[in-house]
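Peer 1: Sharing a model that was predicted from the sequence below.
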Amino acid sequence: AASWCVLLLWAAAVDWHAPLLPAVEQHLPGSSFRAIFGSGEAQGSRFHVDAAGEDYSSLQSTPLANLDASRFSILRYRFEKFPRTLELSLVFRTAEAPGDVQTISLPWPGTGVSTFDLGSVAAWNGTIVELGFAQFATAQNVPPALGFKPFDLVSAQLCPDSWRGDIE
């Protein structure tokens, strides 16, 4: 059993020097986001996105209190009823370049919590002052005017590297 555990940890590319659990986490409930493009509203702790903008895209954003990107390399995010016809991107702004918005294409969220390693993305550095999620229709799958369907942004979480993050 111990050999299997070591093999699974090795397959997950666990950083042996990382702590078992993250010491600090930045939890962002869906209700902390606001619509920039498209429309939506907070419903309890979620943010319900009910319509795309004029260009058939939507963007939800939340300000952050000077988050040091080097300390938070793992992103966890959860959506519900996210349509297969939409692409998902992480959008963020840094204090060092407030007029420049960075985007990172994320894997389709599926069901449950999805995890993405931001530590391997060169643009993820500096002091993060705003974070958001953008969605747009996947043109090769569906015409942009037909790609949007309502969905919920349940939560996002930024964490430092840990064994838990590597395994999830």
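Peer 2: Structure received.

Peer 1: Every contact and neighbour count from this point should use C-alpha atoms.
Peer 2: Fine.

Peer 1: out of everything not next to it in sequence, what's closest to E80?
Peer 2: Excluding its sequence neighbours, the residue lying closest to E80 (Cα to Cα, 6 or more residues apart in numbering) is D152, at 5.1 Å.

Peer 1: If you could redo that for Q43, that was the one I meant.
Peer 2: Nearest residue to Q43 in three dimensions, chain neighbours excluded: S31, at 6.9 Å (Cα to Cα, 6+ apart).

Peer 1: May I have the distance across stretch 48-64, first residue to last?
Peer 2: Terminal residues of stretch 48-64 lie 20 Å apart, using Cα to Cα, to the nearest Å.

Peer 1: what pLDDT, on average, does that stretch get?
Peer 2: Averaging pLDDT along stretch 48-64 yields 95.

Peer 1: what's in contact with that stretch?
Peer 2: If you take Cα atoms under 8 Å, 6 or more residues apart in numbering as the criterion, stretch 48-64 is touched by 32-42, 128-137, 144-145, 147-153.

Peer 1: what about 7 Å?
Peer 2: Here stretch 48-64 makes contact (Cα atoms under 7 Å, 6 or more residues apart in numbering) with 32-42, 128-136, 144-145, 148, 150-153.

Peer 1: Sitting in strands, which of the residues you listed do you find?
Peer 2: Among those, the ones falling in strands (DSSP state E) are 34-37, 39-42, 128-136, 151-153.

Peer 1: which among the contacts of stretch 48-64 end up buried?
Peer 2: 32-35, 37-42, 128-136, 144, 148, 151-153 (16 or more other Cα atoms under 10 Å).
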